[in-house]
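J.: Any chance you can model this:
(one chain, ligands or ions: 1)
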Amino acid sequence: MPLLQVLADKCIGCGACVETCHFGALAMVNDVAVVNEACTACGACLEACPAEALVLERPTATPGDKLDSYRGVWVWIEQFDGEAGSISWEMMGQARRLADELGSPVTACVLGSNVRHIAQEAIAFGADRVFLADDPTLATYRTEPYNRVLVSLVREHRPEILLLGASARGRDLAGAIATEINTGLTADCTGLEIDPETRLLRQTRPAFGGNIMATILCPNHRPQMATVRHRVFEMPTPDPTRQGQIIDISAALREEEIATKVVGFIREEGEVNVADAKIIVSGGRGVGGPEGFAPLRELAQVLGGAVGASRAAVDAGWIPYPHQVGQTGRTVRPDVYIACGISGAIQHLAGMQTSKIIVAINRDPEAPIFGVATYGVVGDVAKIVPELTKQIKSKLGR
Ligand SMILES: Cc1cc2nc3c(=O)[nH]c(=O)nc-3n(C[C@H](O)[C@H](O)[C@H](O)COP(=O)(O)OP(=O)(O)OC[C@H]3O[C@@H](n4cnc5c(N)ncnc54)[C@H](O)[C@@H]3O)c2cc1C
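T.: Next up, the predicted model:
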């Protein structure tokens with residue numbers, strides 16, 4: 001049942017609402033607007049209607065649930081084998097900033113086995129309080145036990161905001177928690193701000209294929225939940241002298257109650273980690289074919305970096321997907337990003353434009369990549385890259 005109602009007696013049949021709706025949820029039938037099941041209750045049509053003939057029934061929080069009783073900014077600290085992922089500390093930097101604006105505390109949730117040291121680290125990175133669930137059932141990530149612990153903590157302590165990294169695990173866990181708690185979740189945010197008037201979390205992310213940036217609010221449910229991709233935000237500096245409280249909590253499930261068992265881990269062969277590389281030499285369609293990546297690999301090796309790629313090169317089968325940088329690939333933030341034969345489409349820029357130094361090599365002086373480049377070289381990659389490698393080798397005395 002759509003939440004948008006048309007007041008038929010007020011509708012003047014102008015069709016302005018139909019034109020505004022991006023979802024095809026409105027149509028004119030006998031000169032009266034009719035809403036269908038495609039309505040997402042986004043409210044874009046309300047302002048377009050000159051006759052005030054549209055009413056949007058905003059869903060409210062669970063009856064009796066006072067939104068202002070939720071307080072604090074929480075972060076789930078992702079760990080593997082007792083080592084916290086840097087994505088969690090990036091989240092912690094943001095949590096601290098948002099909490100300071102709200103005048104609220106920061107809470108870290110550390111789940112795992114033998115992970116007390118991570119709780120201490122979380123305090124150094126800005127947590128005022130840590131909920132620590134240290135139990136063998138939580139040693140490796142599984143949705144069921146992790147979800148159960150976090151859902152019961154959220155229900156009991158009512159945070160205003162809950163942040164998770166947009167890693168494979170973070171995406172899985174965030175969706176499970178939001179579904180069970182019945183709140184909103186904005187995935188893959190690239191910006192988080194507090195609205196000074198409403199105190200709502202303004203969650204910005206690319207939408208419509210990366211062509212627009214959408215700012216999303218969650219006004220009627222709590223916590224406001226967001227995931228953020230690795231490397232979108234800077235890593236904060238830890239302060240080992242910070243003091244905080246560690247609260248031990250028990251795991252919510254026993255091993256025999258958990259349906260999934262982890263049998264083992266198989267490391268992907270030839271795994272590349274462009275996300276962690278300080279220098280990336282990236283190739284696009286302009287390298288001309290799979291063999292065009294050979295000089296890029298050599299340059300990356302000389303610089304001690306990794307090889308990245310545009311989606312065009314990956315889709316053409318010239319290089320495997322783990323190398324892809326961009327909206328549907330990895331987000332990277334290296335010290336130096338060398339884009340070779342990459343045009344600079346918005347979806348590619350979304351994954352690399354916060355790199356500290358961008359060097360673009362392209363034979364088209366009008367290529368959009370030059371718009372974000374620190375240094376630009378107009379010319380043929382096939383000539384420039386080997387020459388660059390030669391020059392760097394000679395400078396390094398190799
Ligand atoms: C929903 C969605 C998600 C997407 N996600 C991603 C993503 O994650 N990552 C991504 O990269 N793209 C993504 N894309 C695709 C993106 O829109 C572009 O199509 C893609 O980035 C283009 O790749 P390219 O720059 O290698 O190729 P092109 O756009 O074809 O550009 C090739 C460039 O190489 C230059 N060139 C050609 N020959 C030479 C030469 N010999 N020497 C020097 N320069 C040369 C050309 O001047 C040109 O600028 C996505 C698209 C959509 C719709």
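J.: Residue 132 and the ligand, how far apart?
T.: Counting by Cβ to the nearest ligand atom, to the nearest Å, the separation of residue 132 from the ligand is 37 Å. In short, each C-beta sits where N, CA and C put it, glycine included.
J.: where does that residue land on pLDDT?
T.: Reported pLDDT at residue 132 in the predicted model: 98.
J.: Repeat that for residue 58.
T.: pLDDT at residue 58 comes out at 66.
J.: Residue 210 now?
T.: 68.
J.: same for the top helix by length along the chain, what does it pack against?
T.: Secondary structure of the chain per DSSP state H: the longest helix is helix 86-102. Where contact means 3 or more Cβ pairs under 8 Å, 6 or more residues apart in numbering; DSSP states H and E, helix 86-102 is packed against strand 73-77, strand 106-112, strand 161-165, strand 191-194, strand 224-228.
J.: Could you export the ones you listed as JSON lines, including mean neighbour count and distance to the ligand?
T.: Shown next, in JSON lines, are these (neighbours: other Cβ atoms under 10 Å; distance: least, Cβ to the nearest ligand atom, whole Å):
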{"stretch": "strand 73-77", "mean neighbour count": "28", "distance to the ligand": "25"}
{"stretch": "strand 106-112", "mean neighbour count": "27", "distance to the ligand": "30"}
{"stretch": "strand 161-165", "mean neighbour count": "28", "distance to the ligand": "18"}
{"stretch": "strand 191-194", "mean neighbour count": "18", "distance to the ligand": "18"}
{"stretch": "strand 224-228", "mean neighbour count": "26", "distance to the ligand": "17"}
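J.: List the buried residues of the longest helix of the chain.
T.: Within helix 86-102, the residues scored as buried using 16 or more other Cβ atoms under 10 Å are 87-99, 102.
J.: right, and out of these, which lies closest to the ligand?
T.: residue 87 (18.1 Å; Cβ to the nearest ligand atom).
J.: I'd like the mean pLDDT over the longest helix of the chain, please.
T.: 97.
J.: Please apply the same query to stretch 166-183.
T.: What stretch 166-183 shows for mean pLDDT is 95.
J.: JSON lines please, covering the buried residues of helix 86-102 and showing distance to residue 153.
T.: JSON lines is the format used below for the buried residues of helix 86-102 (distance: Cβ to Cβ, whole Å):
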{"residue": "87", "distance to residue 153": "20"}
{"residue": "88", "distance to residue 153": "16"}
{"residue": "89", "distance to residue 153": "20"}
{"residue": "90", "distance to residue 153": "22"}
{"residue": "91", "distance to residue 153": "17"}
{"residue": "92", "distance to residue 153": "17"}
{"residue": "93", "distance to residue 153": "22"}
{"residue": "94", "distance to residue 153": "20"}
{"residue": "95", "distance to residue 153": "15"}
{"residue": "96", "distance to residue 153": "19"}
{"residue": "97", "distance to residue 153": "22"}
{"residue": "98", "distance to residue 153": "19"}
{"residue": "99", "distance to residue 153": "17"}
{"residue": "102", "distance to residue 153": "19"}
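J.: Let me see the residues that make contact with the helix or strand residue 45 falls within.
T.: Under the criterion of DSSP states H and E, residue 45 resides in helix 44-48. For helix 44-48, contacts defined as Cβ atoms under 8 Å, 6 or more residues apart in numbering pick out 4, 16, 17, 19, 20, 21, 22, 26, 54, 56.
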